[in-house]
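# no sequence for this one, just the structure:
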């Protein structure tokens, strides 16, 4: 898949990535693609086109599952030279990469999506998401700790995740500590 085809696919996905959640935007898709490239590295035997498509369409599973969107997307991809077999693997992979990845490409995208949700960037997103749900500070700390403990499937991603995990856990510890310092139970003047 050449650069021109990738750009066309990105233009197709761009409006889909402008999430209704008020947080997601196309830059998040680009981050997942970049994370996939880092995790995959020079690993041999990967279907790079499938890996790219899984990365670009990750997060769009609900949109694709709506009536007509899968066939419209399939027609679009095939008009750009993507083989029918690759499209079938894309649909299967999108349905399972988050919870039960089965192929090396799915494992890489699984890890890339988790990496994109980690570190300072991940903390910021979690704070935005949890505050919108009216979570308190201890619930935010718990959400950050849970995100930091997400298991990676590849060694490359685990190495990239290590400093991000440490930053997230340090944030959660500090949040808990500061909350306790002036939080409920402190003496009243």
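The structure has been received and is ready for your questions. Just so you know, these numbers come straight off a predicted model, no measurement behind them.

# who are the neighbours of the one helix or strand in the chain whose mean pLDDT sits lowest, in terms of helices and strands?
Using mean pLDDT, DSSP states H and E, the weakest-scoring helix or strand in the chain turns out to be helix 61-65, at a mean of 81. Helix 61-65 sits against helix 69-79, helix 84-96, with contacts defined as 3 or more Cβ pairs under 8 Å, 6 or more residues apart in numbering; DSSP states H and E. All C-beta spots, glycine's among them, are computed from the backbone N, C-alpha and C.

# Tell me the buried residues in the longest one?
What that stands for is helix 84-96. Within helix 84-96, the residues scored as buried using 16 or more other Cβ atoms under 10 Å are 86, 87, 89, 90, 93, 94.

# pLDDT at the most centrally placed residue in the chain, what is it?
In the chain, the C-alpha nearest the mean C-alpha coordinate belongs to residue 113, at 2.6 Å (Cα atoms, centre = their mean). Per-residue confidence (pLDDT) for residue 113: 94.

# how much space is there between it and residue 3?
As for residue 113, its distance to residue 3 is 23 Å (criterion: Cβ to Cβ, to the nearest Å).

# State the number of residues packed around residue 51.
Residues near residue 51, counting by other Cβ atoms under 10 Å, number 24.

# ugh, typo on my part, it should be residue 150
Neighbourhood size, residue 150 [other Cβ under 10 Å]: 16.

# ok, and for the longest helix seen in the chain, which residues are buried?
Longest helix of the chain, by residue count under DSSP state H: helix 155-182. Buried residues in helix 155-182, counted by 16+ other Cβ under 10 Å: 156, 157, 160, 161, 164, 165, 167, 168, 171, 172, 175, 176.
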